[in-house]
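1. Sharing a model that was predicted from the sequence below.
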Amino acid sequence: MADADTAEKIWTRDAALLRDTVHEAGALALSLFRTDLKNWTKGASSPVSEADIAVNDLVERRLRGATPEYGWLSEESVDDDSRLGKKLCWIVDPIDGTRAYLGHREDWCVSVALVAGSTPVLAAVFAPVSDEFFFAIRGKGTTHNEKPVRATAGTELDFSRMAGPKPLVQRLSTSPGDITLHPRIGSLALRLCRVADGSLDAAFAGGQSRDWDLAAANLIVQEANGRMTALSGDAIEYNRREVVHGVLVAAGQDRHARIVEHFRDHRLP
């Protein structure tokens, strides 16, 4: 019983730490929003700004300072292979949707998850401009601004309530005509969270997403009675050496099953 009590105290501590840190990070990002920021491109085409770095530094100070024994994986930190040997690892996207952020749009967020082994167990996604805070604890449900939320039920396919790459989603259509999707959401994490709160029926990621784009949203969808997997239906594993993922889908459980079955029968070339 003592071990169970100790574990519960740790989860309670880490959950409170995560809530406070992501709220503080969102406030910092919002204070820098629509200001004159230095920005540059890393890799082939990934934008990054002073705000991304400032938020990353804040989150790292708070989380690693309190839990130095945990691993760390962030979009804006140099990857350290020591995370692979850790039972618990923070996975962080300081500003998910940097293009939207730099374009003075509202569809960006701070996204942080705690992963045990390869599975998210705590998650927070905060969209400061719209003041939306998603939070999930494994086995305890998802809340949106402290209120429980659930993914939409059913199996029908209403394309106006789906978001993601149009050529991909169009493969679900049984008619040759054009389809109209939900307007694009710049942050992938926020796009997926819209499934958890029922704003969308389904959301897709077109490939090349990373652990930090997905881990928090994955748990948030799952704990809202949804599923988020590879298009094959295989579970997504985190904190592995390879952090890049292929095509993914998130939806309520029954609709997710229908979509996965469809793509199994109509495989991508």
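-> Yep, it's here.
2. only C-alpha atoms for contact and neighbour calcs from this point on.
-> Fine.
3. Show me how the chain divides into domains.
-> For the chain, automatic domain parsing gives the domain ranges 2-148, 159-265.
4. Mean neighbour count and mean pLDDT added to these, as a markdown table?
-> Output for the domains of the chain, formatted as a markdown table (neighbours: other CA atoms under 10 Å; pLDDT from 0 to 100):
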| stretch | mean neighbour count | mean pLDDT |
| --- | --- | --- |
| domain 2-148 | 18 | 93 |
| domain 159-265 | 20 | 95 |
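5. Nearest spatial neighbour of Leu18, chain-adjacent residues omitted?
-> Nearest residue to Leu18 in three dimensions, chain neighbours excluded: Ala124, at 7.1 Å (CA to CA, 6 or more residues apart in numbering).
6. for Asn39, same thing?
-> Nearest to Asn39 is Ser49, by CA to CA, 6+ apart, at 4.0 Å.
7. For that neighbour, give me its contacts.
-> Leu37, Lys38, Asn39, Trp40, Thr98 (CA atoms under 8 Å, 6 or more residues apart in numbering).
8. could you measure it against Glu106, distance?
-> 16 Å (CA to CA, to the nearest Å).
9. and the residue nearest to Asn39, backbone torsions?
-> Main-chain torsions, Ser49, degrees, to the nearest 10: phi -130, psi 170.
10. Equivalent analysis for the one 5 residues further on, please.
-> Main-chain dihedrals, Ala54, degrees, to the nearest 10: phi -60, psi -40.
11. if we can go back for a sec, for the contacts of Ser49, please prepare TSV with the additional fields distance to Thr143 and secondary structure.
-> Listed next are the contacts of Ser49 as TSV, based on distance: CA to CA, whole Å; DSSP: H, G, I helix; E, B strand; the rest coil:
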residue	distance to Thr143	secondary structure
Leu37	33	coil
Lys38	35	coil
Asn39	33	strand
Trp40	35	strand
Thr98	25	helix
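12. Now the element after the helix or strand where Cys193 lies, going C-ward?
-> Following DSSP states H and E, one finds Cys193 within helix 188-196. Note on helix 188-196: by DSSP H and E, the next helix or strand toward the C-terminus is strand 202-210.
13. roughly how far out does that next one sit from the chain middle?
-> Chain-centre distance of strand 202-210: 10 Å, with CA atoms, centre = their mean, to the nearest Å.
14. so where do the strands sit in the stretch 101-250 of the chain?
-> Using DSSP state E, counting those that start in this stretch, the strands of the stretch 101-250 of the chain run over 109-116, 119-127, 132-137, 142-144, 147-148, 162-163, 202-210, 226-230, 244-252.
15. partners of the second one, with directions?
-> To tie it back to what came earlier, the one meant is strand 119-127. Here strand 119-127 is paired, per DSSP bridges, with strand 109-116 (antiparallel), strand 132-137 (antiparallel).
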